[in-house]
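> mind looking at a prediction? Sequence and model below.
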Amino acid sequence: MSAVPLALDPAYAAVRIRALARELGFQRCGIAGIELGEDEAHLRDWLAQGLYGTMHWMAQHGSKRTRPAELVPGTLRVVSVGLDYGRKDDAQAWGTLADGERAYVARYALGRDYHKLMRNRLQKLAERVQAEVGPFGHRVFVDSAPVLERALARNAGLGWIGKHTCLIDRDGGSWFFLGEIYLDLPLPIDAPASAHCGSCTRCIDVCPTAAIVAPHRLDARRCIAYLTIEHDGPIPEQLRPAIGNRIFGCDDCQLVCPWNKFARRTDEPDFRARNDLDRATLAELFAWEEDEFLRRTEGSPIRRSGHERWLRNLAVALGNAPTTPAVLAALASRREHASPLVREHVQWALARHAANEHC
């Protein structure tokens with residue numbers, strides 16, 4: 001990183017960073033130091049218990065995830081920003097979850113992928129700050145490197161880490177994305193956010209697969225978001241019924257959080273639902289061949305799952321759906337699919353419907 005500008009006024013630079021962040025569309029912005037000792041111990045314990053499943057990258061990079069100056073030498077501070085997403089559609093979300101023939105997609109994934117949008121805005125923020133205070137060393141991150149983003153955001157005052165492990169802003173709920181700028185400026189830091197979950201356990205109680213095994217402790221191997229997005233093998237049979245119609249991610253723990261009554265969800269055009277994913281049926285989506293899947297998911301976070309896992313997830317959801325001609329016909333259409341992974345889940349789903357018919 002470059003040397004600190006000689007004429008820098010750290011307090012002024014911090015004020016301008018916050019102001020420019022809001023001008024660029026970020027609803028929250030704070031500045032944190034780089035000490036993450038307690039969070040490092042928590043992460044090590046979580047990893048030691050194997051709760052990360054097959055997300056091996058969580059165990060890689062040594063201590064770079066919890067020691068920012070090792071990831072980017074010269075880092076003194078971290079600017080953390082939050083960007084609201086989606087609309088106030090909680091009632092619609094619950095309605096979709098209650099309709100077994102419709103597909104539920106996590107609210108963050110209904111529109112375009114947020115990574116590029118946030119990264120571009122963060123880079124513009126850094127450039128505009130440099131134009132005012134002079135050049136400084138920095139790197140921008142949006143879920144693109146070993147960064148302990150929620151701990152840094154908490155330390156920057158953006159919110160506290162809830163019992164479901166998501167960040168919660170008491171004035172804005174939890175429906176927002178995070179991004180960071182690592183920089184070498186000795187800026188004044190913000191006070192960390194204090195926790196306000198109290199005795200509430202709604203997120204723990206509602207989890208369909210009991211993945212929140214204790215407050216602030218998530219067993220990824222049971223988490224629907226992990227199983228439908230990160231996991232690339234068969235979904236454990238004992239967890240399939242609890243997945244319901246969730247085909248990409250899960251929002252239940254956020255939907256029940258009482259702090260989300262304060263969520264300031266915005267109508268960012270990039271985050272509007274595409275391809276009718278907020279109302280599509282399972283059978284409709286199961287009919288997408290790979291070329292259609294790739295075309296429709298261009299620029300979407302869903303594409304990273306790939307067509308095979310997309311069909312796997314939908315087969316599970318169809319197995320949990322009401323036994324209707326449309327559902328059975330959809331499953332039968334993939335009975336001889338080339339992928340053993342897809343075939344196995346289709347066969348499970350068909351057997352489940354057959355068992356229901358004989359009850």
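On my side now, so go ahead.

> tally up the residues packed near residue 296, please.
A count of neighbours around residue 296, defined by other CB atoms under 10 Å, yields 15. C-beta here means a position set from N, CA and C on the backbone, and glycine is covered the same way.

> likewise for residue 270?
Going by other CB under 10 Å, the residues that sit close to residue 270 add up to 13.

> list the contacts for it?
Contacts for residue 270 were tallied using CB atoms under 8 Å, 6 or more residues apart in numbering; they are 111-112, 114, 117.

> who's in contact with the closest residue to it other than its chain neighbours?
Leaving aside its sequence neighbours, residue 270 sits nearest to residue 112 (CB to CB, 6 or more residues apart in numbering; 4.3 Å). By CB under 8 Å, 6+ apart, residue 112 lies in contact with 270-271, 274, 299-300.

> mark which of those residues are buried, thanks.
By neighbour count, with 16 or more other CB atoms under 10 Å, the contacts of residue 112 hold 271, 274, 300 as buried.

> OK, contacts around the second one?
Pointing back at residue 274 there. Residue 274 neighbours (CB under 8 Å, 6+ apart): 110-112, 296, 300.

> residue 25 now?
Here residue 25 is in contact with 83, 121, 268 (CB under 8 Å, 6+ apart).

> likewise for residue 260?
Shown in contact with residue 260 (CB under 8 Å, 6+ apart): 90, 173-175, 254.

> and it, how far is that from residue 172?
To residue 172, residue 260 is 9 Å away according to CB to CB, to the nearest Å.

> now do residue 166
12 Å.

> make JSON lines out of the contacts of residue 274 and add pLDDT, distance to residue 189 and secondary structure.
Shown next, in JSON lines, are the contacts of residue 274 (pLDDT from 0 to 100; distance: CB to CB, whole Å; DSSP: H, G, I helix; E, B strand; the rest coil):
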{"residue": "110", "pLDDT": "95", "distance to residue 189": "35", "secondary structure": "coil"}
{"residue": "111", "pLDDT": "93", "distance to residue 189": "33", "secondary structure": "coil"}
{"residue": "112", "pLDDT": "93", "distance to residue 189": "33", "secondary structure": "coil"}
{"residue": "296", "pLDDT": "96", "distance to residue 189": "44", "secondary structure": "helix"}
{"residue": "300", "pLDDT": "96", "distance to residue 189": "36", "secondary structure": "coil"}
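
> what's the burial count for residue 139?
As a measure of burial, residue 139 has 21 neighbours, counting by other CB under 10 Å.

> an error on my part: the question was meant for residue 292.
Neighbours around residue 292, by other CB under 10 Å: 13.

> ok, now residue 180?
So residue 180, with other CB under 10 Å, has 26 neighbours.

> contact partners of the lengthiest helix in the chain?
Of all the segments assigned as helix in the chain under DSSP state H, the longest by residue count is helix 114-133. Residues from elsewhere that reach helix 114-133 (CB under 8 Å, 6+ apart): 5, 8-9, 12-13, 16-17, 20-21, 24-26, 79, 81, 83, 85, 108, 136, 138, 140, 142-144, 177, 179-181, 183, 185, 268, 270-271, 301.

> can you pick out the most distant pair from the contacts of residue 260?
Within these, 90 and 174 form the most distant pair, 12.2 Å apart (CB to CB).

> quick one, what contacts the residue nearest the centre of the chain?
The chain has residue 108 as the residue nearest its centroid, 7.0 Å off, counting by CA atoms, centre = their mean. Contacts for residue 108 (CB under 8 Å, 6+ apart) come out as 85-86, 114, 177, 249, 271, 301.

> go again using 6 Å as the cut-off
residue 85 (CB atoms under 6 Å, 6 or more residues apart in numbering).

> pLDDT score for it?
Looking at residue 108, its pLDDT stands at 95.

> show me the contacts of helix 114-133 that map onto strands.
79, 81, 83, 138, 140, 177, 179-181, 183 (DSSP state E).

> distance to residue 291 added to those residues, as JSON lines?
Putting those into JSON lines (distance: CB to CB, whole Å) gives the following:
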{"residue": "79", "distance to residue 291": "41"}
{"residue": "81", "distance to residue 291": "37"}
{"residue": "83", "distance to residue 291": "32"}
{"residue": "138", "distance to residue 291": "41"}
{"residue": "140", "distance to residue 291": "34"}
{"residue": "177", "distance to residue 291": "30"}
{"residue": "179", "distance to residue 291": "33"}
{"residue": "180", "distance to residue 291": "36"}
{"residue": "181", "distance to residue 291": "39"}
{"residue": "183", "distance to residue 291": "43"}
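
> return the member of those nearest to residue 44.
residue 180 (21.3 Å).

> what residues are up against that closest one?
78, 80, 141, 147.

> ok, now which ones touch the last one?
Contact criterion CB under 6 Å, 6+ apart gives 141, 180 as the residues in contact with residue 147.

> how much space between it and residue 294?
Distance from residue 147 to residue 294, by CB to CB: 29 Å.

> and which of the contacts of residue 260 is nearest residue 158?
residue 174 (10.7 Å).

> so for the closest one, what's the pLDDT?
Per-residue confidence (pLDDT) for residue 174: 95.

> quick check: it touching residue 166?
Yes - using CB atoms under 6 Å, residue 174 makes contact with residue 166 at a distance of 4.8 Å.

> that older thread, tell me the one of the contacts of residue 270 nearest residue 68?
The nearest member of these to residue 68, counting by CB to CB, is residue 114 at 22.1 Å.
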